[in-house]
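[1] Just need the structure, nothing else, for what follows:
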Amino acid sequence: CFNGQNGSGERLKSSISNIDGAEYHCNKTQVRKVISGVVGAASSVTSIQVANLLRLFKIPQVSFFSTSPELSNKQRFEYFTRTIPSDHYQVKAMVDIVRLLGWSYISIIYEESNYGIKVSAIN
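    As a prediction, the model looks like this:
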């Protein structure tokens, strides 16, 4: 269970122990429930890590804000889905606008983060 005070290492340890046997035990009660799926994470980097763990247990994951094109690889992330389009479509729309306006030269400014670097590399 997450109480908001545990560090990320403790949360991961707790998550793994919850998945073991696809059952979890929370708040020292006798109630056991099957984990049917996971909602999150908000960042692509975290979703990739979580998806790599959840696939071992065949547990589906739905993300509401992870946009990395890497997560579109269904051979690697077969249990992952999202409710937001991949960054690939954002870049495609920008390229379409440049072509529509007939621009012959553009400059790209991007942040030096996983998001910025990967978006700048999309063709």
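
[2] switch to C-alpha atoms for all contacts and neighbour counts from now on
    Will do.

[3] so where is the protein shaky, pLDDT-wise?
    Segments of the chain classed as low confidence (criterion: pLDDT under 70) are 1-32, 119-120, 122-123.

[4] What ranges does it have for its strands?
    Under the criterion DSSP state E, the chain contains strands at 23-25, 32-34, 38-39, 61-63, 80-82.

[5] Any chance of JSON lines for those strands, columns distance to Val91 and mean neighbour count?
    Compiled in JSON lines, the strands of the chain are given as follows (distance: least, Cα to Cα, whole Å; neighbours: other Cα atoms under 10 Å):
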{"stretch": "strand 23-25", "distance to Val91": "41", "mean neighbour count": "16"}
{"stretch": "strand 32-34", "distance to Val91": "39", "mean neighbour count": "12"}
{"stretch": "strand 38-39", "distance to Val91": "26", "mean neighbour count": "14"}
{"stretch": "strand 61-63", "distance to Val91": "20", "mean neighbour count": "20"}
{"stretch": "strand 80-82", "distance to Val91": "18", "mean neighbour count": "21"}
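
[6] how about JSON lines for those strands, with distance to Ile106 added?
    As requested, those are exported to JSON lines (distance: least, Cα to Cα, whole Å):
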{"stretch": "strand 23-25", "distance to Ile106": "53"}
{"stretch": "strand 32-34", "distance to Ile106": "52"}
{"stretch": "strand 38-39", "distance to Ile106": "38"}
{"stretch": "strand 61-63", "distance to Ile106": "32"}
{"stretch": "strand 80-82", "distance to Ile106": "31"}
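
[7] Disregarding residues adjacent in the polypeptide, which is nearest to Leu71?
    Phe77 (6.3 Å; Cα to Cα, 6 or more residues apart in numbering).

[8] Distance-wise, check that neighbour relative to Arg99.
    Here the criterion is Cα to Cα, to the nearest Å. By it, Phe77 lies 33 Å from Arg99.

[9] Comparing those two, which residue is more hemmed in?
    Neighbour totals were compared for Phe77 and Arg99, and Phe77 leads with 18 against 11 (other Cα atoms under 10 Å).
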